[in-house]
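Student: Have a look at this prediction, sequence included:
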Amino acid sequence: MPNVLITGANRGLGLEFVRSFAADGWRVHACARNIEKAKKVKALSGDVICHKLDVTNGLKVASLARELADEPLDLLINNAGVYGPRTGFGETDYEEWASVLQVNTMAPLRVVERFVGVLEKSAGKTIVNISSRMGSIASNSSGSSYIYRSSKAALNMVTRGLSVDLGPKGFTVISFHPGWVQTDMGGESADIPAEDSIAGMRKVIAGLTPEDNGKFFNYDGSEIDW
Ligand SMILES: NC(=O)c1ccc[n+]([C@@H]2O[C@H](COP(=O)([O-])OP(=O)(O)OC[C@H]3O[C@@H](n4cnc5c(N)ncnc54)[C@H](OP(=O)(O)O)[C@@H]3O)[C@@H](O)[C@H]2O)c1
């Protein structure tokens, strides 16, 4: 069966990704920065291997990549993310902005740079960056949320760059909007439960072809303007 590595796997969308892939027999490398307390992911049945990983810790990312060097990785899901302070124009906290960029934008590229060797050995060669419609420049008609929006817009640029650099080596790299989802980040009044978001994204992932390299998808498979 194929292998997948998921960051931020202890709750929310990450946890549901783990549950879903493991239920279908995949080997799942589930990463969480506080794995000792990640009871829900540890309790899942199936071929789930838990790793402690704060995605902003470059040394730890590199050492995990070395640890998994002999195991081809078909799919990498850069899921870990933070919203940051929900502030409007005039209230921007610049230190918090830098922290959000570390998690949402810089860490996904770092993970790809460290894991590209193990991804290259696989049949799948697929990289999925969990972005957000909030990062679509074309869709921004409501302003505000500068920190989160800019971090995901920059992540989308990382996706496009990776698609150009890695596409010729057989990779497919995409960004996803997972929907507005009922998680700690999305809140209780969000549109859909995590199960629906993950089912939709998994269907899209399963149907990806080389022509999809460098695209920005909604969880239902429709494309989103950058
Ligand atoms: N929910 C939505 O409506 C929605 C919409 C659009 C996009 N998204 C995106 O979907 C992804 C998952 O979001 P979610 O809704 O599942 O959010 P969530 O419930 O808040 O979960 C976020 C996950 O990211 C992890 N994380 C944060 N910083 C980390 C770090 N430095 N290292 C490792 N893990 C870290 C968290 O770990 P801890 O438990 O240790 O904090 C947690 O597992 C995010 O990228 C988010 O931006 C969500």
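Tutor: On my side now, so go ahead. Residues are numbered from 1 along each chain as shown.
Student: Next to the ligand, which bits of this protein? Give me the list.
Tutor: Proximity of the chain to the ligand (C-beta under 6 Å from any ligand atom) is limited to residues 7-8, 10-14, 33-34, 54-56, 79-82, 103, 130, 132, 177-178, 180-181, 183-186, 190. Every residue, glycine included, has its C-beta placed from N, CA and C.
Student: Among those, which are located in strands?
Tutor: Judged by DSSP state E, strands contain the following of those: I130, H177.
Student: Now list the buried members of the residues of the chain next to the ligand.
Tutor: Buried residues within those, counting neighbours by 16 or more other C-beta atoms under 10 Å: 7-8, 10-14, 33, 54-55, 79-82, 103, 130, 132, 177-178, 180-181, 183, 185-186.
Student: so what does the longest helix anywhere in the chain touch, helix or strand wise?
Tutor: For the chain, the helix with the greatest residue count under DSSP state H is helix 146-166. Counting contacts by 3 or more C-beta pairs under 8 Å, 6 or more residues apart in numbering; DSSP states H and E, helix 146-166 is packed against helix 94-101, helix 107-120, strand 126-130, strand 172-177.
Student: So which bits of that helix are buried?
Tutor: By 16+ other C-beta under 10 Å, the buried positions in helix 146-166 come out as 147-156, 158-160, 162-163, 166.
Student: which residues touch it?
Tutor: Helix 146-166 has contacts (C-beta atoms under 8 Å, 6 or more residues apart in numbering) with 83-85, 87, 89, 92-93, 96-97, 100-101, 103-105, 108-109, 112, 116, 125, 127, 129, 131-132, 134-137, 140, 171-175, 213-214, 216, 226.
Student: Ok, stretch 48-64 next?
Tutor: Contacts of stretch 48-64 (C-beta under 8 Å, 6+ apart): 7-9, 18, 22, 27-36, 38, 41-42, 67, 78, 80, 102-103, 106-108, 110-111, 114.
Student: and those, which are buried?
Tutor: Buried subset of the contacts of stretch 48-64 (neighbour count, 16+ other C-beta under 10 Å): 7-9, 18, 22, 27-33, 35, 38, 41, 78, 80, 103, 106-108, 110-111, 114.
Student: Assign a three-state SS to the closest residue in space to D93 that isn't next to it in sequence, would you?
Tutor: In this structure, D93 finds its nearest non-sequential neighbour in P85, 5.4 Å apart by C-beta to C-beta, 6 or more residues apart in numbering. With DSSP: H, G, I helix; E, B strand; the rest coil as the basis, P85 sits in coil.
Student: before we move on, the earlier item: would you reformat the helices and strands packed on helix 146-166 as TSV and include mean pLDDT?
Tutor: Converted to TSV, the helices and strands packed on helix 146-166 look like this (pLDDT from 0 to 100):
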stretch	mean pLDDT
helix 94-101	98
helix 107-120	98
strand 126-130	99
strand 172-177	98
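Student: Tell me how far the nearest residue to T56 once chain neighbours are set aside lies from F17.
Tutor: The spatially closest residue to T56, leaving aside those adjacent along the chain, is Q102, at 4.8 Å (C-beta to C-beta, 6+ apart). Distance, Q102 to F17, using C-beta to C-beta, to the nearest Å: 22 Å.
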